[in-house]
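K.L.:
Based on what follows, work out the 3D shape:
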Amino acid sequence: MALQAIAEPIFRSEDYRDVALMDLSVSVDERDDGTLYVQPEAALGSYPDKLTERLDYWARKTPERTFIAMRDPEKGGAWRELSYARTRTLVRSLAQALIDRGLSTERPVAILSGNDIEHALLGLACLYAGIPYAPISPAYSTLSTDHAKLKHIVSLLTPGLIFASDGKTFARALETLATDDREIVVTRNGDATATLFETLTGTPETLAVDRAHEAVDLDTIAKFLFTSGSTGLPKGVINTQRMLCANQVMLNTVLAFLKDEPPVIVDWLPWNHTFGGNHNVGLVLFNGGTIYIDEGKPMPGGIEETVRNLREISPTVYFNVPKGYEALIPYLMTEPDLRKRFFSRLKLTFFAGAGLAQPVWDELDRIAIAETGKKIVMLTGLGATESAPFALSCSPETTASGHVGVPVPGLDLKLALVDGKMEARLKGPNITPGYWRDEKNTAKAFDEEGYYRLGDALKFIDRQRPNLGFLFDGRVAEDFKLATGTWVSVGPLRARFLNHFAPFARDAVIAGLNRDDVTAMVFPDIEACRALAPELGAKAPPEDLLRHPALRACLKERLDAMAREATGSSTRICRLLVLEEPPCIDAGEVTDKGSINQRAVLARRADLVERLYDVACPPDVIEIG
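P.N.:
Numbering: from 1, shown residues only. I've put the predicted structure just below:
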């Protein structure tokens, strides 16, 4: 999450569409050593022993309500829908098939492919039977050239069953992973050795399903989610039933309207990440809602599918990353029917993963007012794969980019002084017990009091008014000192940089360790940059575009403007270099969800860092002044 604005937002409830949300308040205990303990004043309510109790509940209460839907290309793109009752029937048959195969924590299920109905059913069947599963980033199978991360993950998991939606699309990965003791299951296009998914759903259930489901308790491992550390090697975050169930009660306590209004969401966020797979799918299941799987993406060539879906489905709550809202705005501005449907019953919008630029936020408010006469509440917060993920949440009165809110009921926040910053540490029922088969990283992840070290630094918006919450103050591990001994707070500086250089910079890496000045390497947004050189045409190679005088002049002007606002050497970026090569997933420079690994980029491109600090400024480097 990125820091954009520090000014306290102005909120007037009469300007917003009504939505029932909990008032969040906290108490603060400061110790003699400066450590702060922040606790929510409201207690967390009770939660079930297993998430699939909610599947049983809704299948009884609203059997015909659609739980999940996805477009079916074999039916002309019509929605293929599964009710709660039908979902439960298929899940129980699948659970029986998994039990019959002797799968277990030592031989779990690995899912290579992305969001679809079969993925959802298989995951729920694993939860029902008490067999862990691991949704793995499809990029590790389809984009990677060496499958190094995929092989590392599978070696760590030792799965007994590997699933992929399409045997042809995932053929290379499946061939790499195939062994005699691993069953390969595909929905379609499998070779002679693969089992078809429909074979599993045709398994007659027995009393073994009920016995297995009854045995699932709060400490049962539900799934493994993989997150990359600073080394780039994925770590398997253990997700227990306690984490998932407690986190959903945290969510529908804060988002109180969910108790009375089952959510309808249109969602593309990947299930191999905690935001999409835990937060959003769990929110729908727990509250008896409906999820329409969106096969679009917030990028050219992908946003069109999202828009197609939103032309037909009216969400009640909408989750996205900032780039998703940015990509959606032009369509909302120009299509009255889309705008009417999108806002017709929308109660809440939510972003995470990065800071939402203020111009984008303002435009969303303007469009909402034009359509409905009211703004729609936008929330954000802070969480991690290790917190399932909901941990800190803003309220409507305090939400803004860079604001992360306060801890939600059930979660304790500790702020410990580390290198001049307050590092956030978390404790609660939604916190992971550790990393799978990785005692070393598990031990490093927790402090002496058992708090999970989030790695993010926070600071009060106003120390005298703690209910206003906290500002994101960067990643502790990313910060560095200049040669003068001055600390550079990378997170806030990078966010300011991206705000200044929007929309031309997709991301940036900040350099300057033991140097006299701060510099930046920029990953450009090629499509946005093309607008500055239309004479080159849409097919001009990126290297020609990035050397164009108009683009260089624009970037130079913005670099100078940012420097004029700097308060000192730690906030003044003196040079920048636009990178022609995009971040490399195999080298660990970028995660599959698009997050840049600053340390990996600086290490791999050390020669370019040296160019930024050449005494005579190279011609491809842009300098202030």
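
K.L.:
rest of the way, CA atoms for contacts and neighbours
P.N.:
Will do.

K.L.:
can you list the domain ranges for this protein.
P.N.:
The chain breaks down into these domains under automatic domain parsing: 13-46+381-475, 480-623.

K.L.:
Give me the distance between Ala540 and Cys554.
P.N.:
19 Å (Cα to Cα, to the nearest Å).

K.L.:
tell me the SS of the residue minimising distance to the centre of the chain?
P.N.:
For the chain, the residue nearest the mean C-alpha position is Phe275 (4.6 Å; Cα atoms, centre = their mean). Secondary structure state of Phe275, per DSSP: H, G, I helix; E, B strand; the rest coil, is helix.

K.L.:
I'd guessed it sits against Leu269; true?
P.N.:
Yes - because the distance of 7.1 Å satisfies Cα atoms under 8 Å, Phe275 is recorded as touching Leu269.

K.L.:
any residues in contact with both of the two?
P.N.:
Among the neighbours of Phe275, none is also in contact with Leu269 (Cα atoms under 8 Å, 6 or more residues apart in numbering).

K.L.:
Could you dump the domains of the chain into CSV and include mean pLDDT?
P.N.:
Listed next are the domains of the chain as CSV, based on pLDDT from 0 to 100:
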stretch, mean pLDDT
domain 13-46+381-475, 95
domain 480-623, 90
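
K.L.:
Check those for me and report the most buried one.
P.N.:
Burial of those is given as mean neighbour count (mean count of other Cα atoms under 10 Å); domain 13-46+381-475 ranks first at a mean of 19.

K.L.:
and it, how far from the chain's centre?
P.N.:
The chain centre lies 17 Å from the centre of domain 13-46+381-475; the measure is Cα atoms, centre = their mean, to the nearest Å.

K.L.:
next one: stretch 512-531
P.N.:
24 Å.

K.L.:
List the contacts of that stretch.
P.N.:
By Cα under 8 Å, 6+ apart, the residues outside stretch 512-531 that reach it are 480-484, 503-511, 536-538, 542, 545-546, 551, 569-580, 582-583, 612.

K.L.:
at 6 Å instead, please
P.N.:
Residues outside stretch 512-531 that contact it (Cα atoms under 6 Å, 6 or more residues apart in numbering): 480-483, 504-511, 573-579.

K.L.:
can I get the CA coordinates of it in CSV?
P.N.:
The C-alpha trace of stretch 512-531 is given here as CSV (Å, rounded to 0.1, in the frame of the first residue of the first chain):
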residue,chain,number,x,y,z
GLY,A,512,20.9,5.4,-3.4
LEU,A,513,22.4,3.1,-0.8
ASN,A,514,25.6,4.7,0.4
ARG,A,515,25.5,7.3,-2.4
ASP,A,516,25.3,11.1,-2.2
ASP,A,517,21.9,11.3,-4.0
VAL,A,518,18.7,9.4,-4.6
THR,A,519,17.9,8.2,-8.1
ALA,A,520,15.2,6.1,-9.7
MET,A,521,14.8,3.4,-12.4
VAL,A,522,11.4,3.6,-14.1
PHE,A,523,9.3,0.8,-15.6
PRO,A,524,7.2,2.8,-18.1
ASP,A,525,3.5,2.4,-19.1
ILE,A,526,4.1,2.0,-22.8
GLU,A,527,0.5,2.7,-23.8
ALA,A,528,0.4,5.9,-21.8
CYS,A,529,3.8,7.0,-23.2
ARG,A,530,2.6,6.4,-26.8
ALA,A,531,0.2,9.3,-26.4
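
K.L.:
distance of Cys554 from Glu535?
P.N.:
Taking Cα to Cα, one finds Cys554 at 16 Å from Glu535.

K.L.:
try Val19
P.N.:
Val19 sits 48 Å away from Glu535, going by Cα to Cα.

K.L.:
Equivalent analysis for Thr179, please.
P.N.:
54 Å.

K.L.:
now the strands: where do they sit in the stretch 251-400 of the chain?
P.N.:
Under the criterion DSSP state E, counting those that start in this stretch, the stretch 251-400 of the chain contains strands at 264-267, 290-293, 317-320, 348-351, 377-379, 381-383, 390-393.

K.L.:
so what does the fifth one touch, helix or strand wise?
P.N.:
This means strand 377-379. Contact here means 3 or more Cα pairs under 6 Å, 6 or more residues apart in numbering; DSSP states H and E; on that basis strand 377-379 packs against strand 348-351.

K.L.:
And the helices in the stretch 101-250 of the chain?
P.N.:
Here the stretch 101-250 of the chain has its helices, by DSSP state H, counting those that start in this stretch, at 117-129, 139-142, 148-157, 171-177, 197-201, 207-215, 241-254.

K.L.:
Could I get those in a markdown table, plus columns for mean neighbour count and distance to Ser104?
P.N.:
Formatted as a markdown table, the helices of the stretch 101-250 of the chain follow (neighbours: other Cα atoms under 10 Å; distance: least, Cα to Cα, whole Å):
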| stretch | mean neighbour count | distance to Ser104 |
| --- | --- | --- |
| helix 117-129 | 24 | 9 |
| helix 139-142 | 21 | 24 |
| helix 148-157 | 17 | 11 |
| helix 171-177 | 16 | 19 |
| helix 197-201 | 17 | 17 |
| helix 207-215 | 15 | 11 |
| helix 241-254 | 25 | 15 |
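
K.L.:
Looking at the ones you listed, which is nearest to Glu448?
P.N.:
helix 241-254 (21.2 Å; Cα to Cα).

K.L.:
Show residues contacting that closest one.
P.N.:
Outside helix 241-254, the residues that touch it by Cα under 6 Å, 6+ apart are Leu21, Met22, Tyr47, Lys50, Leu51, Leu218, Thr220, Ala222, Leu258, Pro429, Asn430.

K.L.:
Can you get me the centre-to-centre distance for it and its chain?
P.N.:
With Cα atoms, centre = their mean as the basis, helix 241-254 stands 17 Å off its chain's centre.

K.L.:
For stretch 94-111, the averaged confidence score.
P.N.:
Rounded to a whole number, the mean pLDDT of stretch 94-111 is 98.

K.L.:
Now do the end-to-end distance for that stretch.
P.N.:
14 Å.

K.L.:
Ok, stretch 202-216 next?
P.N.:
End-to-end for stretch 202-216, by Cα to Cα: 24 Å.

K.L.:
Quick one: residues contacting Tyr84.
P.N.:
Ala59, Pro63, Phe67.

K.L.:
change it to 10 Å
P.N.:
If you count contacts by Cα atoms under 10 Å, 6 or more residues apart in numbering, Tyr84 has them with 55-68, 285, 288-290.

K.L.:
ChimeraX command to pick out the buried ones of these?
P.N.:
Filtering those down to the buried ones (16 or more other Cα atoms under 10 Å) takes a single ChimeraX command:
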select :55,56,58,59,63,65,66,67,68,285,288,289,290
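
K.L.:
would you list every one of the helices in the stretch 401-550 of the chain?
P.N.:
All helices of the stretch 401-550 of the chain, identified by DSSP H, counting those that start in this stretch, fall at 439-445, 490-501, 526-530, 542-546, 549-565.

K.L.:
Compute the inter-axis angle for the second one and helix 549-565.
P.N.:
By that I understand helix 490-501. 130 degrees (axes from the mean of the first three to the mean of the last three Cα atoms, to 10 degrees).

K.L.:
helices or strands up against helix 490-501?
P.N.:
Packing partners of helix 490-501 (3 or more Cα pairs under 10 Å, 6 or more residues apart in numbering; DSSP states H and E): strand 470-475, strand 505-511, strand 518-524, helix 549-565, strand 573-578.

K.L.:
Asp217 against Thr240, yeah?
P.N.:
Yes - with contact defined as Cα atoms under 10 Å, Asp217 reaches Thr240; the gap is 9.0 Å.

K.L.:
which of the two has more neighbours?
P.N.:
With neighbours defined as other Cα atoms under 10 Å, Asp217 and Thr240 compare such that Thr240 has more, 24 against 17.

K.L.:
out of everything not next to it in sequence, what's closest to that one?
P.N.:
With sequence-adjacent residues excluded and distances taken as Cα to Cα, 6 or more residues apart in numbering, Thr240 is closest to Ile221, at 4.3 Å.

K.L.:
ok, now how distant is that neighbour from Gly236?
P.N.:
Here the distance between Ile221 and Gly236 works out to 12 Å (Cα to Cα).
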